[in-house]
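# Quick one: sequence plus predicted model below, questions after.
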Amino acid sequence: MIDLLEQEVLINDLGSKVTVRELDWLHDVPGERFDFHADVVIAADVIYDAALHQPLLNVLTRVLKPFQALVLAFKERSPADRIFLEQSICSAFPGMALVSNFEMEDEGCEFWVWRAGTS
């Protein structure tokens, strides 16, 4: 997947604006993999296992400072996933506001978008 994303960056001549990074939620090495801050994070299919909820939140709160935008594609697999999204993700970033939330009915997928400075 990383290779595909890097190819897309090159094809679209975005090399000076976009960096593709793999984030290992479970093997957080301070100063090694998290020595950057992202302006925008695009995440899809990342909320699916309750055991990974807290590691995901840890990564987002470390990488997204100062937080600018998060685009999250979400498909509910269990009630715990929805609770995590609505209670933990939505409240984790002071100064952020949910600016868009819509569902693709055919796919059963929701898209959530947060931005800084809109609260």
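Perfect, thanks for sending it.
# Just want the most central residue of this protein.
Residue closest to the mean C-alpha point of the chain, counted by Cα atoms, centre = their mean, is A43 at 4.0 Å.
# Could you list the buried residues of the strand or helix carrying that residue?
Using DSSP states H and E, A43 maps to strand 40-44. For strand 40-44, the neighbour count (16 or more other Cβ atoms under 10 Å) marks 41, 43 as buried. The C-beta positions use only the backbone N, C-alpha and C, and glycine is treated the same way.
# If you count contacts, what does that strand end up packed against?
strand 69-74 (3 or more Cβ pairs under 8 Å, 6 or more residues apart in numbering; DSSP states H and E).
# next one: the helix or strand following the strand it packs on to chain centre, how far?
The C-terminal neighbour of strand 69-74 among helices and strands, as given by DSSP H and E, is helix 79-83. A distance of 17 Å separates the centroid of the chain from that of helix 79-83, by Cα atoms, centre = their mean, to the nearest Å.
# likewise stretch 12-20?
Its chain's C-alpha centre and that of stretch 12-20 lie 18 Å apart, by Cα atoms, centre = their mean.
# gap between the two ends of it?
This stretch, stretch 12-20, spans 13 Å end to end (Cα to Cα, to the nearest Å).
# so where's this protein uncertain?
Applying pLDDT under 70 to the chain flags the ranges 28-36, 65-67, 118-119.
# where along it do the helices fall?
Counting by DSSP state H, the chain has helices at residues 2-11, 53-63, 79-83.
# Of those, give the one that comes closest to G95.
helix 53-63 (12.7 Å; Cβ to Cβ).
# Mind listing what's buried along that closest one?
For helix 53-63, the neighbour count (16+ other Cβ under 10 Å) marks 53, 55-56, 59-60, 63 as buried.
# Any chance of JSON lines for these, columns distance to K75?
Below are those laid out as JSON lines (distance: Cβ to Cβ, whole Å):
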{"residue": "H53", "distance to K75": "15"}
{"residue": "P55", "distance to K75": "19"}
{"residue": "L56", "distance to K75": "15"}
{"residue": "V59", "distance to K75": "20"}
{"residue": "L60", "distance to K75": "18"}
{"residue": "V63", "distance to K75": "23"}
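# Sweet, I'm off.
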